[in-house]
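Novice: coordinates only, sequence not included:
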């Protein structure tokens with residue numbers, strides 16, 4: 001069956017068109033570049049945009065990691081990884097440091113990325129002004145004129161209603177002091193990771209047929225008022241019940257038997273790696289004590 005498929009599923013013409021779109025997106029940080037989104041063997045809304053980017057840039061020497069809301073073992077992540085592996089035979093991994101391409105839904109890994117890595121984010125709604133302007137023609141005009149009062153008004157209304165900005169995820173950012181961009185539904189906690197990131201960040205929306213990018217070492221600032229700065233999720237005084245990490249994004253969980261609330265690392269591979277390191281250190285300490 002593999003011999004009957006193109007390398008990385010897509011035909012060469014499709015991959016070249018997507019790569020040209022990526023180059024334009026990199027040249028104009030934060031700008032949404034339209035592309036001819038292809039039909040994929042997964043449903044639209046389940047990461048077709050990110051998958052098309054991954055299939056277009058991946059090579060035989062690459063190592064792929066796929067995560068969904070921090071987890072390597074979710075249904076979405078596992079099936080995308082299987083599809084790419086089946087059509088490329090590339091190596092896959094759960095270790096962030098080992099991967100050259102990381103495709104993600106809703107999270108940026110806890111481990112800082114490097115210049116040798118590419119982060120591909122799946123995006124459902126790429127237009128940050130969609131909530132205030134339903135017309136695609138009008139939003140293009142607003143971007144061209146750098147007219148972002150609608151985005152600021154949305155944040156102002158949240159402050160008036162809740163006393164603070166209430167964007168739990170997908171908080172809009174200003175890229176390279178020019179375009180307001182939707183960073184994909186990552187939590188506010190991950191927004192600062194985009195600023196001056198060493199890795200190339202590519203964002204794909206298959207259903208909306210848009211690709212945009214944040215090149216390495218690019219200024220990315222979350223929209224916020226001077227007197228109401230954007231606040232990330234706080235986990236002060238809390239730690240992962242498994243690896244005891246305190247400086248990561250944590251999930252709040254409830255034990256169904258005791259109704260006790262506890263916390264766990266959202267990034268499962270980071271948690272496992274930290275847990276293994278802690279066990280190794282404990283083992284060394286026991287040997288030294290002997």
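Specialist: That came through, no problem. In this text, all values refer to a predicted model and were calculated from it rather than measured experimentally.

Novice: hang on, isn't residue 45 packed against residue 205?
Specialist: No: with contact defined as C-beta atoms under 8 Å, residue 45 does not reach residue 205; the gap is 9.7 Å. All C-beta atoms are positioned from the backbone trio N, CA, C, and that covers glycine.

Novice: Identify the contacts common to the two.
Specialist: Residues touching both residue 45 and residue 205 (C-beta atoms under 8 Å, 6 or more residues apart in numbering) are residue 124.

Novice: of the two, who's got more company?
Specialist: Taking other C-beta atoms under 10 Å, residue 45 and residue 205 do not tie; residue 205 has more neighbours (27 against 12).

Novice: If the residue nearest the centre of the chain is in a bridge, with which residues?
Specialist: With distances taken as C-alpha atoms, centre = their mean, the residue of the chain nearest its centroid is residue 121 (4.0 Å). Residue 121 forms beta bridges with residue 104, residue 203, as assigned by DSSP bridges.

Novice: residue contacts, it?
Specialist: Per C-beta under 8 Å, 6+ apart, neighbours of residue 121: 50, 103, 104, 105, 108, 183, 184, 186, 201, 202, 203, 204.

Novice: Pick the one among those residues closest to residue 245.
Specialist: Nearest to residue 245 among the contacts of residue 121 is residue 108, at 16.0 Å by C-beta to C-beta.

Novice: coming back round to it: let me have the contacts of residue 121 in a markdown table, adding pLDDT and distance to residue 62 as columns.
Specialist: A markdown table is the format used below for the contacts of residue 121 (pLDDT from 0 to 100; distance: C-beta to C-beta, whole Å):
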| residue | pLDDT | distance to residue 62 |
| --- | --- | --- |
| 50 | 97 | 15 |
| 103 | 98 | 11 |
| 104 | 98 | 15 |
| 105 | 95 | 19 |
| 108 | 98 | 19 |
| 183 | 97 | 24 |
| 184 | 95 | 21 |
| 186 | 97 | 23 |
| 201 | 98 | 17 |
| 202 | 98 | 14 |
| 203 | 98 | 19 |
| 204 | 98 | 17 |
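
Novice: domain ranges for the protein?
Specialist: Taking automatic domain parsing as the domain assignment, the ranges for the chain are 2-129+174-221, 250-289.
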